[in-house]
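Sequence plus predicted model, see below.
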Amino acid sequence: MKPLAIHAYTATTALGAGREALWRALREQRSGLEPCDFEDADLATWIGRVPGCEDVALPAPLADWMCRNNQLAELTLQQDGFLDAVEQALTRHAPERIGLFLGTSTSGIRSTERAYREVVDGRLPDWFSFEHTHDYFALCGYVQRRLGLAGPALTISTACSSSAKVFASAARSIAAGFCDVAVVGGVDSLCLTTLYGFASLQLTSPEPCRPWDAQRSGISIGEAGGFALVGPIDEGDSGTRVIGIGESGDAYHMAAPEPDGRGAALAMRRALASAGVAADAVDYINLHGTATPANDQAEDRAVVDVFGASTPASSTKGWTGHTLGAAGIVEAVVACLALEHDYRPATLNTREVGRELSCRVLTAPEPGGVKRVLSNNFGFGGSNCSLLLAGGAA
Amino acid sequence: MQRAYLHGLGIAAPGLEDWGAARAVLSGETDYTSEPLTPFRTKLLPRNEARRAGAAVHLAFRVAEQACAERDASTFAAVFSSSAGDIDIADQLCMAVNAPERAISPTRFHNSVHNAPAGYWSIATGAREPATSLSAGPGGFMVALCEAWGLLAECGTPVLLVCYDMDGSGMLAEARRDIGATFAMAWLLDTHADGAIAVLDRPQPTSAGPTPVSIPALEHLRRLNASARSLPLLAALAARQAAAPVIASEQGHWRVPLTPL
């Protein structure tokens, strides 16, 4: 593939607004997870909740789009000079030439959950608007208006790979000439459907998630938003870039990974092939690492199959929780931070690595020599996506 | 990539049971009547999986199977596009989380993901190629066609494009924008001309207004249903006439030149 330059990027997670908050917490080994206190959820689990999300106001002309997911989108857009970067891009490109590719798993479903509490005579309350909140495209609808973009816009919703796959769609759209540059990203916010849904599948952990641990017992659900402005490499671009993308399907099961991780391995191999680099050129793998027994086992086999057992790898879900449709962009931002600071984060909450797992998972941070980072994201329906990022020097 | 070739197609909507029926209606041979769709259940999935799959999965399979027509689909990439997917599952989940016991069915929950049709299709066909599941509001067909175009250029393998926008019966379906009626369509696109039904030239943005279809009931559906916005192209195929209709999208309108072969 033609590499994509990352001109600007940001993420807002349970660790706070903006990438600096994420970076500080990664350095300080400080988790953003806390016992579940979302609405009146009565679940023995931990969550990654974005502080102050419910207090965010939307610009008055966009008030119709009010919902937790768009509040989180707004809060995220305000960080790290992202609005300025898009404004700058709009001086070089017509609004019709800037694409928008965003991922989410549940969009603003929280508004519908609230509306269903106010049903009278079988009718939803008048304040409720599906199109502005719960519709998958509502996220794009809001962000497109907020940024003043008019190019191709779509929401990708492939569960937990959604906001990794947006990079692939953006790259295709740019290569095909449908847009010049693109805003990519993802936003997923807490809701009862997700919390109770994953609990019904017995996939939520009663303690903060412990990826790769012998005692791992499931995920901690988190919410997050993230955005990046991407485009072809221009002369003089010396920053981080996406050099490879691999997508694949498991062809196995709707809610469980293929035990040998063959689909996951295929996504990683395709990412390497599209970048034209060998496995040993990768210096760090940010694992999907959700901390369910089956997911980590399958991913471990896939990583060892492609890379052997010596490439340093870690999961950052212990900091942010599993942010589902936002996990792809959050972990792409972690990859950018790892490249920028030449630093591999550890795997938080992991005390004793499971004996059945053999990839080189980091339980302490490891600085130095980080030139290329692979980020894995896998979702329900067997939807896999691996991104390969390189720093300016590589 | 300047051209893509259409190798198969499928359709399902009231009064448009399959391509044979749709071709007769769209070419003016027979009058349109809005007969309800006959029930359909895919035979591609094992019985257990087929029973668990939701209505959107069966609808997507219905048109995808027509478009693939017995071909081995295991090497095809895919784009699945729907504005709201299976809106009745969301209705049932939002009802369940507000009920006192909050008992969510695990099957219903995993069927609620927007990529359920893509996931089941991968299971049914053994396809491990890239598959995009997207939503683009009322512009779903045009945006999905551009995504399929990009995927075909990138992968070189055939790309299955499936667009489906489904009616619902729950409170949520009533509260959303009117989509008219269920409409689903599928195209199988490839880079080579051998055996193709039609050739498509690269879509171009245009300031011209959208092209209508001549049958009033279907024009009504085209205006309301994101997937039915493909109807002007399907009408050109049915009439076996070259055309370059303008397809509506909220991200601007696009002219799509199509020549039957």
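Good, I have the coordinates. Residues are numbered from 1 along each chain as shown, chains lettered A, B, ... in the order given.

got any ranges where the chain has weak pLDDT?
By default, I'm working from chain A. Counting by pLDDT under 70, the ranges of chain A that qualify are A:393-394.

For residue 82, which residues are in contact?
By default, I'm working from chain A. Applying C-beta atoms under 8 Å, 6 or more residues apart in numbering or on different chains to A:F82 gives the contacts A:A8, A:Y9, A:T10, A:T76, A:F227, A:L229. C-beta: built from backbone N, CA, C; applies to glycine.

Actually, chain B is the one I wanted.
Counting by C-beta under 8 Å, 6+ apart, B:S82 touches B:A56, B:A60, B:H114, B:P117, B:S135, B:G140, B:C163, B:Y164, B:D165, B:M166, B:A226, B:S227.

Minimum distance to chain A, which residue of the stretch 151-261 of chain B gives it?
Chain A sits closest to B:R176 of the stretch 151-261 of chain B, with a gap of 4.1 Å, by C-beta to the nearest C-beta.

so that residue sits right up against B:I87, yeah?
Yes - the pair B:R176 / B:I87 is scored as a contact, 6.8 Å apart, by C-beta atoms under 8 Å.

If you count surrounding residues, which of these two has more?
Neighbour count, other C-beta atoms under 10 Å in any protein chain shown: between B:R176 and B:I87, B:I87 has more, with 28 against 17.

if we can go back for a sec, could you pick out which of the contacts of B:S82 are near chain A?
Taking C-beta under 8 Å from any C-beta of the partner chain as the test, chain A is in contact with B:H114, B:S135 out of the contacts of B:S82.

Looking at the contacts of B:S82, which are in helices?
Assigned to helices by DSSP state H, the following of the contacts of B:S82 qualify: B:A56, B:A60, B:P117, B:G140.

Give me the neighbour count for residue 138.
Unless you meant another one, I'm taking chain A. The number of residues packed near A:A138 is 27, by other C-beta under 10 Å.

Switch to chain B, please.
Neighbours of B:P138 under the rule other C-beta under 10 Å: 20.

do the one 5 residues further on as well
By the other C-beta under 10 Å criterion, the neighbourhood of B:V143 contains 30 residues.

Please identify which of the ones in helices among the contacts of B:S82 is nearest to A:G16.
Ranked by distance to A:G16 (C-beta to C-beta), the ones in helices among the contacts of B:S82 are led by B:G140 at 35.8 Å.

need the helices for chain B, in chain order.
According to DSSP H, chain B carries its helices in the segments B:19-26, B:47-52, B:55-68, B:87-98, B:106-111, B:116-125, B:140-155, B:171-175, B:216-224, B:231-239.

chain center to the first one, what's the gap?
In terms of C-alpha atoms, centre = their mean, to the nearest Å, the centre of helix B:19-26 is found 16 Å from the chain centre.

Surely B:R71 and B:G8 touch.
Yes - B:R71 is within contact range of B:G8, at 7.3 Å (criterion: C-beta under 8 Å).

The two: which has the busier surroundings?
Counting neighbours by other C-beta under 10 Å for B:R71 and for B:G8 shows that B:G8 has the greater number, 23 against 15.

Leaving aside the residues adjacent along the chain, what's closest to that one?
B:L188 (3.7 Å; C-beta to C-beta, 6 or more residues apart in numbering or on different chains).

quick one: the one you found and B:L160 touch, right?
Yes - at 5.6 Å, B:L188 counts as touching B:L160 under the criterion of C-beta under 8 Å.

so what sits against both of these two?
Here B:L188 and B:L160 have B:A67, B:C68, B:F76 as joint contacts, going by C-beta under 8 Å, 6+ apart.

tell me the secondary structure for the closest residue to chain B within chain A?
Closest contact between chain A and chain B, by C-beta to the nearest C-beta, is at A:G381 (2.5 Å). Classification of A:G381 by DSSP: H, G, I helix; E, B strand; the rest coil places it in helix.

how about it, what does it touch?
By C-beta under 8 Å, 6+ apart, the contact list for A:G381 reads A:T158, A:A159, A:G249, A:M254, B:V113, B:N115, B:A116, B:A118, B:G119, B:Y120, B:S122, B:S133.

And for A:A332?
For A:A332, the contact set (C-beta under 8 Å, 6+ apart) comprises A:Y9, A:S163, A:A164, A:F167, A:G226, A:A228, A:V242, A:S375, A:L387, A:L389.

and what of A:F38?
A:I47, A:R49, A:L190, A:L192, A:L195.

Check the residues you listed one by one and keep those near chain B.
A:L192.

By mean pLDDT, point me to the weakest helix or strand of chain B.
Every helix and strand of chain B was ranked by mean pLDDT, DSSP states H and E. The lowest is helix B:47-52, at a mean of 91.

returning to that earlier point: compare the helices of chain B and give me the one nearest A:R19.
Once the helices of chain B are compared by C-beta to C-beta, helix B:140-155 is nearest, at 28.8 Å.

Roughly how far does the residue in the stretch 101-250 of chain B that chain A sits nearest to sit from A:A279?
Scanning the stretch 101-250 of chain B for proximity to chain A using C-beta to the nearest C-beta identifies B:G119 as nearest, at 2.5 Å. To A:A279, B:G119 is 28 Å away according to C-beta to C-beta, to the nearest Å.

Could you do A:T104 as well?
Distance of A:T104 to A:A279, computed by C-beta to C-beta: 32 Å.

Neighbour count for those two, which is higher?
Comparing A:T104 with A:A279 by other C-beta under 10 Å, the one with more neighbours is A:T104, at 30 against 14.

from what I can see the more buried one touches A:I329, true?
No - if you go by C-beta under 8 Å, A:T104 and A:I329 don't touch, sitting 10.5 Å apart.

on that earlier part again, what about the residue nearest to B:G8, how many neighbours?
Neighbour count for B:L188, taken as other C-beta under 10 Å: 27.

List the contacts of it.
By C-beta under 8 Å, 6+ apart, the residues touching B:L188 are B:L6, B:H7, B:G8, B:L9, B:A67, B:C68, B:R71, B:F76, B:P158, B:V159, B:L160, B:L161.

could these go into a markdown table alongside pLDDT?
Shown next, in a markdown table, are the contacts of B:L188 (pLDDT from 0 to 100):
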| residue | pLDDT |
| --- | --- |
| B:L6 | 98 |
| B:H7 | 98 |
| B:G8 | 98 |
| B:L9 | 98 |
| B:A67 | 98 |
| B:C68 | 98 |
| B:R71 | 95 |
| B:F76 | 98 |
| B:P158 | 98 |
| B:V159 | 98 |
| B:L160 | 98 |
| B:L161 | 98 |
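
Restricted to buried residues, select these in ChimeraX.
Typed into ChimeraX, the line below selects the buried ones among these, using 16 or more other C-beta atoms under 10 Å in any protein chain shown:
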select /B:6,7,8,9,67,68,76,158,159,160,161
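
Specify which member of the contacts of B:L188 is nearest to A:E113.
Checking the contacts of B:L188 one by one against A:E113 (C-beta to C-beta), the nearest turns out to be B:L161, at 32.7 Å.

if I pick the closest one, what's in contact with it?
Contacts for B:L161 (C-beta under 8 Å, 6+ apart) come out as B:A78, B:V79, B:S81, B:A144, B:L145, B:A148, B:A186, B:W187, B:L188, B:L189.

again, but for B:R176
Contacts for B:R176 (C-beta under 8 Å, 6+ apart) come out as A:F130, A:E131, A:D135, B:A84, B:I87.

what's the spacing between it and A:F130?
Separation of B:R176 from A:F130 (C-beta to C-beta): 4 Å.

Could you report the neighbour count for residue 1?
Just going to use chain A. Neighbours of A:M1 (other C-beta under 10 Å): 20.

that's the wrong chain, I wanted chain B
Number of residues near B:M1 (other C-beta under 10 Å) recorded here: 14.

For the nearest residue to it once chain neighbours are set aside, give its distance to B:Q204.
Closest residue to B:M1 apart from its sequence neighbours, by C-beta to C-beta, 6+ apart: B:A153 at 4.0 Å. Distance, B:A153 to B:Q204, by C-beta to C-beta: 16 Å.
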